[in-house]
Every structure is written in C-alpha cells, then in structure tokens.
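Enquirer: Provide a 3D model corresponding to the input given below.
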Amino acid sequence: MTIRPQLNHLGLYTADIARMERFYVDVMGLLVTERGRVPRLGNVEIVFMSANPGSHHQVALVGRPEQAGPSCVNQIAFK
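Expert: Sure, this is the predicted structure:
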C-alpha cells in the first residue's frame, strides 16, 4: 500500500491580507482561528485559518514585509 503525501498547511505572503482573508473565508469556507503580529518581519499581520476544527491552521496569511523578495509563497508543508 502506497501512502501519498497530504497537504498539511500553506503559508502565503500577501500585500492585501484583508482581501485574501475574505477570499478564503467567503469562497473556500475557511474559518479564522487566530490573528497576530510577526515582530521579526516588521510587525506584519498574520491570520491563521482552517476548514478542519481539529487543526489550528491549514492556511496562514502573512502581510508581505517590505524586505520580501519576489516569492509569494512563504511555506508549504506536507504530512
């Protein structure tokens, strides 16, 4: 039996965190599980969301810091 990897969570930088949050809540049906700030990235906002009540977050949106390079994906994790 082959076990396939499963997407565990995705972290994305975004220049418009409110708009991205509305998309993931309104279109994808995710719920906001926690909000905070990331001091090491210039105190940008972070929003955690999940569709699974047993998972703290499946998607993390991070306000794009000024010093960020061209990448829009901060992290992707598989189980």
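
Enquirer: got the residue ranges for the helices in this protein?
Expert: 17-22 (DSSP state H).

Enquirer: Could you give the bridge partners of the closest residue to residue 76 other than its chain neighbours?
Expert: In this structure, residue 76 finds its nearest non-sequential neighbour in residue 10, 5.3 Å apart by CB to CB, 6 or more residues apart in numbering. Every residue, glycine included, has its C-beta placed from N, CA and C. Here residue 10 sits in beta bridges with residue 59, residue 76, going by DSSP bridges.

Enquirer: Also residue 50?
Expert: residue 31.

Enquirer: Near it, how many other residues are there?
Expert: 19 (other CB atoms under 10 Å).

Enquirer: thought it was touching residue 30?
Expert: Yes: contact status for residue 50 versus residue 30: in contact at 6.2 Å, counting by CB atoms under 8 Å.

Enquirer: between these two, what contacts are shared?
Expert: Common contacts of residue 50 and residue 30 (CB atoms under 8 Å, 6 or more residues apart in numbering): 58-59.

Enquirer: ok now do residue 46, which residues does it touch?
Expert: With CB under 8 Å, 6+ apart, residue 46 has these contacts: 35-38, 60-63.

Enquirer: and the residue nearest to residue 76, how many neighbours?
Expert: 15.

Enquirer: where does this structure dip in pLDDT?
Expert: 65-74, 78 (pLDDT under 70).

Enquirer: let's go with 80 and repeat that
Expert: 4-8, 41, 53, 65-79 (pLDDT under 80).

Enquirer: quick one: contacts for the residue nearest the centre of it?
Expert: Residue closest to the average C-alpha location in the chain (CA atoms, centre = their mean): residue 60, at 1.6 Å. Counting by CB under 8 Å, 6+ apart, residue 60 touches 9-12, 46-49, 74-75.

Enquirer: Out of the contacts of residue 46, the closest to residue 20 would be?
Expert: Distance to residue 20, by CB to CB, is smallest for residue 61 among those, at 5.2 Å.
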